[in-house]
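K.L.:
mind folding the following:
(chains A and B)
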Amino acid sequence: MPEILDQARAQVLGDGVGLDEAGVLAVLNLPDEHLPAALQLAHEVRMRWCGPEVEVEGIVSLKTGGCPEDCHFCSQSGLFTSPVRSVWLDIPSLVEAAKQTAKTGATEFCIVAAVRGPDARLMKQMREGVAAIRAEVDIQVAASLGMLTQEQVDELVEMGVHRYNHNLETCRSYFPNVVTTHSWEERWETLRMVRESGMEVCCGGILGLGETVEQRAEFAAQLAELDPHEVPLNFLNPRPGTPLGDRPVVEGKDALRAIAAFRLAMPRTILRYAGGREITLGDLGTREGLLGGINAVIVGNYLTTLGRPATDDLKLLDDLKMPVKALSATL
Amino acid sequence: MTELVEPVAPADRAGANAPRWCDRCGDEAATGAHSACVAARVLEPPRYCARCRRRMKVQVLPVGWSAVCVEHGEIRG
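P.N.:
Below is the predicted model:
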């Protein structure tokens, strides 16, 4: 057994203390023959410190495309030649999407907008949309609207938004290679305000943006320092017309190594399978990830691409005897 | 007002009813194989109108999607 896994068994599984950057890097560098052991340990850590429940979430784009920012992975930037056009979702359709999500057994519904930060029109749409959902649908509402002011943070709390997603996307040292229109520190500032407001912090990123293994470890350590309630883990799905449109997808074993490593860095967080898993890992990988540290999934479609049917994920959870977290457990 | 039209069934792509334009990349459907586009479309909604090549307004929902061409109406999947 590699020394790092012995160390992790005592430190992370035994004491609930996550691995540091060097430890994460050691896991990311494990040879293939030790990957099953790393996944098994990550699964034990998840079961011990989080339990068997899986948090299920649906997401929807309230405002698609036309974003002024230049996140190089994103098909919704108005600065690239992506075919994605700008479109707004109306309130009745938003409520219907929340109902569809709730029918899957999901407890979370995240409303997302492709913006630098919300303007008055978007905040009004949010206020009306969140109120309509809360009146008609039994589900927790989360939001992802880019960078916020303190006033906007306070407004979202008033609306009843319980969790705010704002991904750091990648580690601090690599961020300028991915985004040039704003800084990693600006994102961190929004996360700081969200945390202080009492909303739950949801912050993760995308693997496969061209970062090195060392930078992947740096990212895990920076997320662990932030200590978010939830970490959504995406794998790059190269989008036509974006600067990263020709990048290769993350190799399946590297993706699984990352899942194990991120779990061993953050034993208590909700580690969510997000976009790109279908392409990077396929059906088999989805199962392996759920047995390797993942304890939450986005079901159904993503913002501009499609996911596998929610029924497939729910059947898999049933097969694995992993109960879907009930709404009462999230309140 | 939008008209609800039937999406082009995969079986029709190579037949007499084959669309003129690839609904993923927007290039002429008859030029090139578009096998990568067909494969990608399993996990993507259409982006271009297969009849006129206009970029469509596409809304992806947790279950399904809709795509609107200003000339040829709405399709859903």
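K.L.:
on the pLDDT front, check the most centrally placed residue in chain B for me.
P.N.:
The residue lying closest to the centre of chain B (Cα atoms, centre = their mean) is B:Asp23, at 3.6 Å. B:Asp23 is assigned a predicted lDDT (pLDDT) of 97.
K.L.:
tell me the contacts of it?
P.N.:
B:8, B:41, B:46-50 (Cβ atoms under 8 Å, 6 or more residues apart in numbering or on different chains). For glycine as for every other residue, the C-beta is placed from the backbone atoms N, C-alpha and C.
K.L.:
stretch B:25-39 close to chain A?
P.N.:
Yes - counting by Cβ under 8 Å from any Cβ of the partner chain, chain A is contacted by stretch B:25-39 at B:25-26.
K.L.:
tell me the span between the first and last residue of that stretch.
P.N.:
12 Å (Cα to Cα, to the nearest Å).
K.L.:
name the residues of that stretch that are buried.
P.N.:
Residues B:25-26, B:29, B:34, B:37 are the ones in stretch B:25-39 that count as buried (16 or more other Cβ atoms under 10 Å in any protein chain shown).
K.L.:
need the helices for the stretch 201-331 of chain A, in chain order.
P.N.:
Assigned by DSSP state H, counting those that start in this stretch, the stretch 201-331 of chain A shows helices spanning A:213-226, A:252-265, A:277-280, A:282-290, A:310-319.
K.L.:
out of the contacts of B:Asp23, which are close to chain A?
P.N.:
Okay, of the contacts of B:Asp23 touching chain A (Cβ under 8 Å from any Cβ), that's B:47-48.
K.L.:
and the contacts of B:Asp23, which is closest to A:Gly293?
P.N.:
Relative to A:Gly293, the closest of these is B:Arg41; by Cβ to Cβ it sits at 31.7 Å.
K.L.:
wasn't the closest one part of a helix?
P.N.:
Yes - assigned with DSSP: H, G, I helix; E, B strand; the rest coil, B:Arg41 falls within a helix.
K.L.:
so what's it up against?
P.N.:
For B:Arg41, the contact set (Cβ under 8 Å, 6+ apart) comprises B:23-24.
K.L.:
and if you look at A:Asp313?
P.N.:
A:56, A:286, A:297, A:299.
K.L.:
just these: which has the poorest pLDDT?
P.N.:
A:Thr286 (90).
K.L.:
any idea how far it lies from A:Ile59?
P.N.:
17 Å (Cβ to Cβ, to the nearest Å).
K.L.:
swap in A:Ile298?
P.N.:
6 Å.
K.L.:
residues contacting the most centrally placed residue in chain A?
P.N.:
For chain A, A:Pro232 is the residue whose C-alpha lies nearest the centre (Cα atoms, centre = their mean; 1.7 Å). A:Pro232 sits next to A:165, A:167, A:202, A:204, A:272, A:274, A:298 when contact means Cβ under 8 Å, 6+ apart.
K.L.:
state the number of residues packed around the closest residue to chain B within the stretch 101-250 of chain A.
P.N.:
Chain B sits closest to A:Thr101 of the stretch 101-250 of chain A, with a gap of 4.9 Å, by Cβ to the nearest Cβ. When counting by other Cβ atoms under 10 Å in any protein chain shown, one arrives at 28 neighbours for A:Thr101.
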